[in-house]
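In: here you go, sequence then predicted model.
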Amino acid sequence: MELELQTRIQDWSRRLAQGTQPEVAATIGTMVDELTVLRNNMAPVEWEAAILALRASELLPILLEDPFTSWSYYRPRGFPGDAGLIDFIYAQGDFADPLRSATPTGQWIYAANQTRPACKAVRYRKQIASEFLREVMAGSAKPSALGIAAGHLREVETEAAQGAGFDGRIVALDQDEQALDRIAQRLPKIECLKMSVREILMGRLDGQVFDATWSLGLYDYLSDAAAERLLAKQLSLVREGGRVMICNFAPDAADRGYMEAFMDWKLIYRDEQDMEALAFRVRSGCTTRIFREPSGQVVFLEMIKDA
């Protein structure tokens with residue numbers, strides 16, 4: 001396997017370094033698919049050894065010419081999957097300057113990565129959250145909603161919360177002060193709270209009641225025990241008839257090999273059965289719905305608290 005991996009690394013490196021844009025795009029597609037097959041067919045200790053070999057090779061510097069991959073690998077905000085990284089996928093915010101400064105190969109790798117299932121799923125995830133919020137906003141004269149690990153809150157970009165006549169309350173909660181500053185600059189009607197998951201679980205929001213709470217990427221990093229506690233807390237924060245929506249990348253996600261090896265973006269994956277088990281452990285008078293977004297990479301759990 002070691003010799004086979006080295007042969008593949010040399011081939012991928014050559015194709016990326018010397019290829020035209022179509023050739024780079026094709027190489028990224030093949031490489032990402034093959035990395036996930038390798039990852040799925042290896043024991044965890046073997047995969048960790050493979051990651052070390054991949055990162056020590058000539059392939060890593062080429063891939064880090066892509067500002068999206070580089071941002072994830074170096075973690076400028078100190079943790080994985082931050083709002084700046086997600087903006088590369090949305091093509092919003094400050095993504096354009098580092099992309100313009102990238103080499104042609106880096107720009108081509110970026111463009112190829114944006115066509116991959118994981119990036120498509122993140123964009124679908126945003127669309128689903130926007131629709132969720134539209135329904136919440138339309139369901140009450142003075143609607144209230146709480147976004148946990150809100151990032152840059154891009155799902156609110158086109159919502160009524162920006163309008164002069166909005167008379168509700170949307171709270172964006174995140175541990176990343178930079179992300180909250182970006183929200184405050186763009187959406188002054190949004191209430192921003194700097195708060196960690198631990199502080200939520202300790203009861204800092206207790207006593208507040210919302211029509212809905214949602215979280216788009218947080219559960220990808222939570223253990224089962226933490227996920228159960230947070231979901232129960234979210235349910236306690238919504239009124240009767242209120243809604244909770246969370247989501248998680250699935251174990252069969254197509255790009256996990258590349259994400260783990262070259263982006264240092266490691267997630268905790270859950271499928272429909274895992275989400276159903278999570279809901280079962282915390283539900284008390286709730287209606288649940290579990291579904292995947294159109295690309296099939298992310299599993300959603302929506303719970304409605306019975307009136």
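Out: Noted; the coordinates are in hand. Residues are numbered from 1 along each chain as shown.
In: residue 255 contacts residue 120, doesn't it?
Out: No. With contact defined as Cβ atoms under 8 Å, residue 255 does not count as touching residue 120 (9.9 Å). (C-beta placed from N, C-alpha, C; glycine too.)
In: give me the common contacts of those two.
Out: The contact sets of residue 255 and residue 120 overlap at residue 297 (Cβ atoms under 8 Å, 6 or more residues apart in numbering).
In: how close does residue 204 get to residue 211?
Out: 20 Å (Cβ to Cβ, to the nearest Å).
In: which one's more surrounded, the two?
Out: The residue with more neighbours, out of residue 204 and residue 211 and counting by other Cβ atoms under 10 Å, is residue 211; that gives 21 against 14.
In: where does the more buried one land in three-state SS?
Out: Under DSSP: H, G, I helix; E, B strand; the rest coil, residue 211 falls in the strand class.
In: ok, it - contacts?
Out: 136, 139, 140, 143, 144, 145, 238, 239, 242, 243.
In: go on, residue 231?
Out: Here residue 231 is in contact with 244, 246, 278, 279, 282, 303 (Cβ under 8 Å, 6+ apart).
In: tell me how many other residues surround residue 79.
Out: Using other Cβ under 10 Å, residue 79 has 10 other residues around it.
In: and what of residue 202?
Out: When neighbours are counted by other Cβ under 10 Å, residue 202 registers 12.
In: how much space separates it from residue 30?
Out: 48 Å.
In: next one: residue 246
Out: According to Cβ to Cβ, residue 246 and residue 30 sit 33 Å apart.
In: neighbour-wise, which of those two wins?
Out: Neighbours were counted for residue 246 and for residue 30 using other Cβ under 10 Å; residue 246 has more, 26 against 14.
In: assign that one to helix, strand or coil.
Out: Secondary structure, three-state DSSP: residue 246 is strand.
In: who's in contact with it?
Out: Neighbouring residues of residue 246 by Cβ under 8 Å, 6+ apart: 214, 215, 218, 219, 231, 234, 300, 301.
In: go on, residue 286?
Out: For residue 286, the contact set (Cβ under 8 Å, 6+ apart) comprises 235, 279, 303, 304, 305, 306.
In: most neighbours out of the residues you listed, which is it?
Out: Highest neighbour count within these, by other Cβ under 10 Å: residue 303, with 23 neighbours.
In: what bridges to it?
Out: Residue 303 has these beta-bridge partners by DSSP bridges: residue 244, residue 288.
In: how about the helices in the stretch 1-150 of the chain?
Out: Using DSSP state H, counting those that start in this stretch, the helices of the stretch 1-150 of the chain run over residues 2-18, 21-40, 44-55, 59-63, 67-74, 83-90, 96-101, 104-114, 117-138.
In: so which strand or helix has residue 252?
Out: Residue 252 belongs to no helix or strand when assigned by DSSP states H and E.
In: for it, which non-adjacent residue is spatially closest?
Out: Nearest non-adjacent residue to residue 252, counting by Cβ to Cβ, 6 or more residues apart in numbering: residue 271, 7.5 Å away.
In: contacting residues around stretch 293-303?
Out: With Cβ under 8 Å, 6+ apart as the test, stretch 293-303 has contacts from 117-118, 120-122, 124-125, 128, 132, 231, 235, 243-250, 253-255, 270-272, 274-275, 278-279, 283, 286-292.
In: so how do I select the buried members of these in ChimeraX?
Out: Buried subset of the contacts of stretch 293-303, written as a ChimeraX selection, criterion 16 or more other Cβ atoms under 10 Å:
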select :117,118,120,121,122,124,125,128,132,231,235,243,244,245,246,247,248,249,250,253,254,255,270,271,274,275,278,279,283,286,290,292
